[in-house]
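Trainee: A predicted structure for the sequence below; I have some questions about it.
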Amino acid sequence: MNASHHGSRDPSWVALAAHRAWLDAEGGRLLRFGTAAAPAAGAGFAWLDASGTPDPASGVQLWITARMAHVYALAHLRGRPGAGPLADRGLAALDGPLRDAEHGGWYPAIPEPGKPSDGRKTAYGHAFVLLAAASLTVAGRAGAKALLADACDVMESRFWDDRRGWVRESWDRAWQEPEAYLGANANMHAVEAFLAAADATGDGVWRDRALRIAEFFVDHVARSQWWRVPEHFSADGHIVPEYHDTNRADPFRPYGTTPGHALEWARLLLNLEAALPDPPNWLAEAARWLFVVAVGAGWDADGQPGFVYTVDHDDRPVVHARMHWVIAEAICSAAALHRRTGDLVYEHWYRTWWDYCAQYVIDEHDGSWHHELDADNRPASTVWAGKPDIYHAYQATLLPQLPLAGSAAGAVRDAASGGEAA
């Protein structure tokens, strides 16, 4: 692909001081929006509606509280006043009402104050606890090291399957019944969390485990599927292509394949490559292929700007809604590949997707980003109601400014100690 056909040879936007200032300003706007999600110390972060008001009907979700604690830990590391205390509110909730003191691990949610959910304990939710605990530890927040030690122990003893090299999907509250399902999404976020844990603890075993997950889901499975990333598997690792055929727009387990996850995998493979002392060559190769195939299948797939949420196994659009997290991960992926390769095609896509965000996704009136748009790029709520958290959007403003590294917190810490500017 000839880079001269895909945008100008102007300096990279990320190298421009004005663009970096814009990224920081947009990140600051997101952080201000998110402050409304922590109305009380120790109660966790609430689900915010479209106007930024806590939605009591949604309760306190583990994944939201952990992701928001991670975000504010990153903001604290970057020197934002007030971010540290907000990160501490998430830490207090993870160490308090969301923790299952009887059986260990964390509840998936607290629907009402003092009444934790009896739902299943998921690898997805616990991966975000591990990510948050690692970022809080790097940020030096009080109590974070103990939380990280507990999160590592639960992940290792309950979710990590060392024989197979992946994380189990979920358990009942008492850890007696594993789910007969294996999900690529939970394992993808485990890669992110494991790399963060390695940076926070110095224990390379977490990097090794992240590589083993990537070897199965990407180098083995995605490579065999022409760089499509199947989402759903049986508990022993066989693809289940018709999973959720009758519930195609599920927010966590949609039918078909998800171009946004392929883009997220591409970025994480480059983080993994940067973290490993002797990385295999296939990581960068796979990142490029995942990007190409995801863009080809998902971008403008129905004749309108934007990424469709899902496609079927022949790359035909299934759910045409546009999700904010997909464009955020596309931006991060393009920035990472441009940094890794210098290829101007990735700079072209980076600019294209920020222009799309500015036109359709960023909500200048009510704050944050519209979490869902319809096929005509109008705000919608068929899959996601409101604006639950700022994790994906904030990282889209931050990660392009960081050197490739195992984790965002580690990269910010290293930059502050004399490395590349963050």
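Mentor: Nice, I can see it. Numbers count the residues shown, from 1 in each chain.
Trainee: would you list every one of the strands in this protein?
Mentor: In order along the chain, the chain carries the following strands (DSSP state E): 60-61, 109-110, 121-122, 160-161, 166-167, 170-171, 182-183, 232-233, 310-311, 317-319, 322-323, 372-373.
Trainee: just checking, A330 touches F307?
Mentor: Yes - with contact defined as C-beta atoms under 8 Å, A330 reaches F307; the gap is 6.6 Å. For glycine as for every other residue, the C-beta is placed from the backbone atoms N, C-alpha and C.
Trainee: can you list the strands of the chain in CSV and add mean pLDDT, distance to D95 and mean neighbour count?
Mentor: Output for those, formatted as CSV (pLDDT from 0 to 100; distance: least, C-beta to C-beta, whole Å; neighbours: other C-beta atoms under 10 Å):
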stretch, mean pLDDT, distance to D95, mean neighbour count
strand 60-61, 96, 14, 24
strand 109-110, 95, 14, 22
strand 121-122, 98, 17, 25
strand 160-161, 98, 22, 18
strand 166-167, 98, 22, 26
strand 170-171, 98, 21, 21
strand 182-183, 98, 27, 24
strand 232-233, 98, 33, 20
strand 310-311, 97, 36, 26
strand 317-319, 96, 37, 19
strand 322-323, 98, 31, 26
strand 372-373, 98, 32, 22
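Trainee: nearest to L398, of the ones you listed?
Mentor: Shortest separation from L398 across those is recorded for strand 322-323, at 19.4 Å, computed as C-beta to C-beta.
Trainee: That closest one - contacts with which helices or strands?
Mentor: strand 372-373 (3 or more C-beta pairs under 8 Å, 6 or more residues apart in numbering; DSSP states H and E).
Trainee: Against which helices or strands is the strand it packs on packed?
Mentor: Going by 3+ C-beta pairs under 8 Å, 6+ apart, strand 372-373 lies up against strand 322-323.
Trainee: who does the strand it packs on pair up with?
Mentor: strand 372-373 (antiparallel) (DSSP bridges).
Trainee: count of neighbours near the residue nearest to F252 when sequence neighbours are not counted?
Mentor: Nearest-residue entry for F252: N185, 6.7 Å, with adjacent residues in sequence omitted and distances by C-beta to C-beta, 6 or more residues apart in numbering. By other C-beta atoms under 10 Å, 20 other residues sit near N185.
Trainee: Over to H238?
Mentor: 10.
Trainee: Begin at 517, not 1, for the rest of this chat.
Mentor: That works, and once the first residue is 517, the last one we named lands at H754.
Trainee: do you know how far it is from R744?
Mentor: H754 is 16 Å from R744, where distance means C-beta to C-beta, to the nearest Å.
Trainee: and what of L785?
Mentor: 15 Å.
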